[in-house]
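K.L.:
Next comes the sequence, and after it the predicted model I'd like to discuss.
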Amino acid sequence: MTVEERITHRQAAALLGCHPSNIAKLVEKGQLTSTGMRGPGVGTLDLVEVVQLREERIKAEQQRRWRYDRIDPRPQGPPAELGDFEWLTPDQVGQRLGITGTSVRFRAARGTIPHTRVGKRIWIRADHLEVWINARKDIAVSRGLNSS
């Protein structure tokens, strides 16, 4: 192998888009091989091997991104069997109530918020939610009047 086909750790780091200290770690892991020669500007890594590793890393990153960027296959709206009402998700209800969607799910599981469950998903009718909110307000007012 000629000197032109060898590159330094710093040059390899620039190609791979990482810090030069990471190159030694890649050598330890066996992802790159080094000649072990020392000295300023001495190329110890095979250029072809570094370029191959770079291509593998780019391909792996593209696959990772594809996994996270793909569209959610689950239906986004309520099922047709629920009828033509305004249905809300727990997160939407939480925004209206000023609490988290998780808190709404816990309250639905306890039975304190009226809801319908379709599979694992929880749906809450907007008109039922308004009735429930008004009923809670009435209870709070009546308790306030009874205690004074």
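P.N.:
Sure, I can see it. Numbering: from 1, shown residues only.

K.L.:
Go ahead and name everything in contact with whichever strand or helix holds residue 49.
P.N.:
When elements are assigned from DSSP states H and E, residue 49 belongs to helix 47-69. Here helix 47-69 makes contact (C-beta atoms under 8 Å, 6 or more residues apart in numbering) with 5, 6, 7, 12, 15, 16, 17, 26, 31, 32, 33. (C-beta placed from N, C-alpha, C; glycine too.)

K.L.:
now do 6 Å
P.N.:
If you take C-beta atoms under 6 Å, 6 or more residues apart in numbering as the criterion, helix 47-69 is touched by 5, 7, 12, 15, 16, 31, 32.

K.L.:
swap in stretch 5-17?
P.N.:
20, 23, 43, 45, 47, 50, 54.

K.L.:
Domain map for this protein?
P.N.:
Following automatic domain parsing, one gets these domains for the chain: 3-69, 80-147.

K.L.:
Could I get those in a markdown table, plus columns for mean neighbour count and mean pLDDT?
P.N.:
Formatted as a markdown table, the domains of the chain follow (neighbours: other C-beta atoms under 10 Å; pLDDT from 0 to 100):
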| stretch | mean neighbour count | mean pLDDT |
| --- | --- | --- |
| domain 3-69 | 13 | 86 |
| domain 80-147 | 14 | 89 |
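
K.L.:
Can you tell me the closest non-neighbouring residue to residue 77?
P.N.:
residue 87 (7.6 Å; C-beta to C-beta, 6 or more residues apart in numbering).

K.L.:
Just read off the phi/psi values of that neighbour.
P.N.:
phi -110, psi 140 (degrees, to the nearest 10).

K.L.:
The contacts of helix 47-69 in helices, which ones?
P.N.:
12, 15, 16 (DSSP state H).

K.L.:
Restricting to C-alpha, output the helix or strand where residue 144 lies in CSV.
P.N.:
In this structure, residue 144 sits in helix 126-147 according to DSSP H and E. This file holds the C-alpha atoms of helix 126-147, laid out as CSV (Å, rounded to 0.1, in the frame of the first residue of the first chain):
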residue,chain,number,x,y,z
ALA,A,126,-67.1,16.7,23.1
ASP,A,127,-70.7,17.2,24.1
HIS,A,128,-70.4,14.6,26.9
LEU,A,129,-67.3,16.4,28.1
GLU,A,130,-69.1,19.7,28.3
VAL,A,131,-71.9,18.1,30.3
TRP,A,132,-69.3,16.5,32.6
ILE,A,133,-67.5,19.8,33.1
ASN,A,134,-70.7,21.7,33.9
ALA,A,135,-71.8,19.0,36.3
ARG,A,136,-68.5,19.3,38.2
LYS,A,137,-68.9,23.0,38.3
ASP,A,138,-72.4,22.6,39.7
ILE,A,139,-71.1,20.2,42.4
ALA,A,140,-68.3,22.6,43.3
VAL,A,141,-70.8,25.5,43.6
SER,A,142,-73.2,23.5,45.7
ARG,A,143,-70.5,22.3,48.0
GLY,A,144,-69.3,25.9,48.4
LEU,A,145,-72.9,27.0,49.2
ASN,A,146,-73.4,24.2,51.7
SER,A,147,-70.2,24.9,53.6
